[in-house]
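[1] fold the following for me, if possible:
(2 chains, ligands or ions: 5)
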Number of protein chains: 2
Amino acid sequence: MAAKSFIDVSPESDFPIQNLPYGVFKPEPASPPRPGVAIGDFVLDLSEISSAGLFSGPLLNGSDCFNQPTLNKFMAMGRPAWKEARATIQKLLSESEPTLRDNASLRQEALIPMSKVEMLVPMTIGDYTDFFSSKHHAKNCGLIFRGPENAINLNWYYIPIAYHGRASSVVISGTDIVRPRGQGPPTPNSPSPYFGPSRKLDFELEMAAVVGPGNELGKPIDVNNASDHIFGLVLMNDWSARDIQGWEYVPLGPFLGKSFGTTISPWIVTLDALEPFACGVPEQDPPPLPYLAEKTSKNYDIQLEVQLKPAGQEPCVVAKSNFNHLYWTVTQQLAHHTINGCNLRPGDLLGTGTISGPEPDSVGCLLEKTWNGQKPLSLNGTSRTFLEDGDEVIITGVCKGNGYNVGFGTCSGKILPSI
Amino acid sequence: MAAKSFIDVSPESDFPIQNLPYGVFKPEPASPPRPGVAIGDFVLDLSEISSAGLFSGPLLNGSDCFNQPTLNKFMAMGRPAWKEARATIQKLLSESEPTLRDNASLRQEALIPMSKVEMLVPMTIGDYTDFFSSKHHAKNCGLIFRGPENAINLNWYYIPIAYHGRASSVVISGTDIVRPRGQGPPTPNSPSPYFGPSRKLDFELEMAAVVGPGNELGKPIDVNNASDHIFGLVLMNDWSARDIQGWEYVPLGPFLGKSFGTTISPWIVTLDALEPFACGVPEQDPPPLPYLAEKTSKNYDIQLEVQLKPAGQEPCVVAKSNFNHLYWTVTQQLAHHTINGCNLRPGDLLGTGTISGPEPDSVGCLLEKTWNGQKPLSLNGTSRTFLEDGDEVIITGVCKGNGYNVGFGTCSGKILPSI
Ligand SMILES: [Ca+2]
Ligand SMILES: [Ca+2]
Ligand SMILES: [Mg+2]
Ligand SMILES: [Mg+2]
Ligand code: NI
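    Numbers count the residues shown, from 1 in each chain, chains lettered A, B, ... in the order given. Ligands and ions are numbered 1, 2, ... in the order given. So this is what the prediction gives:
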């Protein structure tokens, strides 16, 4: 593996040559969208590299997968094509390779300063699913809503619990979120539900897997092959209106409390880039049923942080967590999703659920952090129970390597007042 | 409105000139998909009519909306374009109009016997939502699962309750359904969940609205404009594995118990065709909140029937219901769906939920019919608690007019054994 690029990359950058995450961008506001790879402070335009004939391996040679407005076609091609692309791009960017390094006009065309581009949702999302795979989060939610007797429902220990989310309202980092209006539960003083702007607007610190080839209807994916169906991971903020959610969710689950917006980070970090940061998983007791039993179970050591920035103020860190807290792995999630025959398609999004750790500082949403608003959070002289208009939530994620980072960039969004 | 077509249409046909539902079909297995309209025993190929320059009105003249593999583009154009298309097609098919009637070669190209075509899912479904809008169904489910005290949860009276379903597994009538495998709840004899082919496979008699133009994220649709965002209705069977659903659904709602397959009928009947069958709605008490209060509330008198056909046997009628049993109207469903800012896109599918009526013969699923398997249903000498392999479920729907029917064709599917 090439250790260094001819492009100058700071050791603190999220995007050294060891990372090479994929996204979709527009170099100018009027340009058509095209796939790119992040390298340092630049975006490598893959449509230019492809048009220059530099994807010369057997799987990508002649393919138009990088002359598309989304990454779906490349995602559908599967791991061998992904490995070929990664090897080609790493070689092309390495300090010892003259092809791009010494070609000023190609560099001019193909390397665009990241500060100038507009990033887009990198794939058409056919379906978006959100899991509930942090035990700490499940337990805290249970304690808040049901009390200590049955904090975690028995099924949670057997099933990577999930619900279908709304694909249409998945937006890219930087998109403003309008505070949703809706019904909230009746209160002791008012026997009817209230209606208006949500009074308990929250974020949820999550990551999400992006599906690769997927499966045909009726043909489940074996848990031990599941990683070949995961193109990579992004950061995700599953914005949640707790009052709307609390009133609507029995018996069919969250609906309008979630569907007003879900933010993802623009760069998809591949499992190949994450492999050096693979780590073990929490013990699963009871042991998973055979269809969920993996020969090797993997999490990744991804350090996650949430900052909350009230309008006109400095951001404050409000959560520090880690992807390795997940009880159910993303491969178990994917295998479970298909065990009934449900078909996954390239570009589908599988959220992990809120990633909370065991410590008070590691919980991934305000519901848990303020215990449903009972314990306000203090932020440099102001305080919060839930999000206020103008608040910006900024999620980051990074793997710390030996002399380099593999990072996810940021996943951010600001709350606008209800219309 | 033209009363009669030059094409011979039986008075019992679902597809007289008063109906003109839209679908997408392939005239030959190798043909590209294209939009069509059903007329008697024929399909009118709209790509041929469009290519012949016969859509000459101001909105459709020059449009390529009928030279597409789906109806999404036409759906996005909105009611004025839909009205123009309907008027053009009704005139073209009327007995007094020579353009098509007297042009043998155009008739040869544009009118294909329905028995020869293959029907497809007529639109790309960005998101599929399933409501829960029959009070009889909600009550029966509540009685079965929670008992008489709280049969219907309080929120049901204020909210058109819904969950996000799985868009990828929506299939067209005639597609076989593989019995899903999954986890079922622990039993008194076994403290662990069981795993295997579903033991409680069920159908659900539903209809679904197909979304027209839709809305931008953050901009709700007013309930009094909601009908302009509904292109039409189809029949739907929301296949359900009650054992999987019962074990998984707390607290995030149905997931794998539903996502293995949902069947829709191929012909989308427009609201314009249904308008003569509009009727009143059940009283809503408590009155709906202002954002759900309609100036005029409408249901439609659509007679629905479910037949169950065990392998090698004659079909038996197992349910007779009517769309007019719905408590929440489809326009209220749509307005509620967007009140939080959630964006609907052309082609989105909004299921009504199981349409059960008040009589024992009018319940729309086996869960209710057999009271969760406790009262087997007898079928010409055999019996059923839930569906068995080889069973075919056939849903039909029809509006009875004066001398003509406006029908939906059939929505059918057969159960194949688990793999
Ligand atoms: Ca979530
Ligand atoms: Ca249903
Ligand atoms: Mg969300
Ligand atoms: Mg279904
Ligand atoms: Ni769901």
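[2] how about A:Ala317: what's its closest non-neighbour residue?
    Just to correct that, residue A:317 is Val rather than Ala. Excluding its sequence neighbours, the residue lying closest to A:Val317 (CB to CB, 6 or more residues apart in numbering or on different chains) is A:Gln307, at 5.5 Å. Where you see a C-beta, it was placed from the backbone N, CA and C, and this is true even at glycine.
[3] which secondary structure element contains that neighbour?
    strand A:303-309 (DSSP states H and E).
[4] for stretch A:217-234, measure first residue to last.
    Distance across stretch A:217-234, first residue to last, is 26 Å (CA to CA, to the nearest Å).
[5] pull the CA atoms of the strand holding A:Gln307 into PDB?
    The C-alpha coordinates for strand A:303-309 follow below in PDB (Å, rounded to 0.1, in the frame of the first residue of the first chain):
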ATOM      1  CA  GLN A 303     -14.000   7.800  17.400                       C
ATOM      2  CA  LEU A 304     -17.200   9.800  17.200                       C
ATOM      3  CA  GLU A 305     -17.900  13.300  18.500                       C
ATOM      4  CA  VAL A 306     -20.900  15.500  18.500                       C
ATOM      5  CA  GLN A 307     -20.600  19.300  18.800                       C
ATOM      6  CA  LEU A 308     -23.600  21.600  19.400                       C
ATOM      7  CA  LYS A 309     -23.200  25.200  18.200                       C
END
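[6] the helix or strand that it is followed by: which residues count as buried?
    Sequence-wise, the next helix or strand downstream of strand A:303-309 (DSSP H and E) is strand A:316-322. Buried positions in strand A:316-322, judged by neighbour count with 16 or more other CB atoms under 10 Å in any protein chain shown: A:316, A:318-322.
[7] likewise stretch A:90-98?
    By neighbour count on 16+ other CB under 10 Å, the buried set for stretch A:90-98 is A:90, A:92-94.
[8] got a list of contacts for it?
    A:1-2, A:4-7, A:17, A:20, A:39, A:44, A:49, A:54, A:99-101 (CB atoms under 8 Å, 6 or more residues apart in numbering or on different chains).
[9] sort out for me which of those residues are in strands.
    A:39, A:44 (DSSP state E).
[10] which of the contacts of stretch A:90-98 are buried?
    If we count by 16+ other CB under 10 Å, the contacts of stretch A:90-98 have these buried: A:2, A:5-7, A:17, A:20, A:39, A:44, A:49, A:54, A:100-101.
[11] re the thing from before, out of the buried residues of strand A:316-322, who's near ligand 4?
    Among those, not one lies near ligand 4 by CB under 5 Å from the ion.
[12] quick revisit: what's the closest of the buried ones among the contacts of stretch A:90-98 to ligand 3?
    Minimum distance to ligand 3 across these is 28.4 Å, recorded for A:Leu20 (CB to the ion).
[13] so is the residue nearest to that closest one when sequence neighbours are not counted in a helix, a strand, or just coil?
    Among residues not flanking A:Leu20 along the chain, A:Val37 sits closest, at 5.1 Å (CB to CB, 6+ apart). Using DSSP: H, G, I helix; E, B strand; the rest coil, the structure places A:Val37 in strand.
[14] neighbours around the residue of chain A found nearest ligand 1, how many?
    Using CB to the ion, A:Asp238 is the residue of chain A that sits closest to ligand 1, at 3.7 Å. The number of residues packed near A:Asp238 is 26, by other CB atoms under 10 Å in any protein chain shown.
[15] my guess is it contacts A:Thr262. True?
    Yes. When contacts are counted by CB atoms under 8 Å, A:Asp238 is listed as touching A:Thr262 (5.4 Å).
[16] got any residues that touch both of those two?
    Common neighbours of A:Asp238 and A:Thr262, using CB under 8 Å, 6+ apart, are A:165, A:351.
[17] quick check: longest helix in chain A by residues?
    In chain A, with assignment by DSSP state H, the single longest helix is helix A:79-93.
[18] quick one: mean pLDDT over that one.
    What helix A:79-93 shows for mean pLDDT is 98.
[19] packing partners for the strand holding A:Gln307?
    strand A:205-211, strand A:316-322, strand A:392-400 (3 or more CB pairs under 8 Å, 6 or more residues apart in numbering or on different chains; DSSP states H and E).
[20] so which of those strands gets nearest B:Met114?
    For the helices and strands packed on strand A:303-309, proximity to B:Met114 was assessed by CB to CB; strand A:205-211 is nearest, at 36.9 Å.
[21] between that closest one and strand A:392-400, how big is the angle?
    60 degrees (axes from the mean of the first three to the mean of the last three CA atoms, to 10 degrees).
[22] the following helix or strand past strand A:205-211 pairs with which strands, parallel or anti?
    Once strand A:205-211 ends, the next helix or strand along the chain (criterion: DSSP H and E) is strand A:230-237. In the sheet, strand A:230-237 lines up against strand A:205-211 (antiparallel), strand A:262-264 (antiparallel), strand A:269-270 (antiparallel) (DSSP bridges).
[23] the ones you listed: which one's closest to ligand 5?
    Checking the strands paired with strand A:230-237 against ligand 5 by CB to the ion gives strand A:262-264 as the closest, at 14.6 Å.
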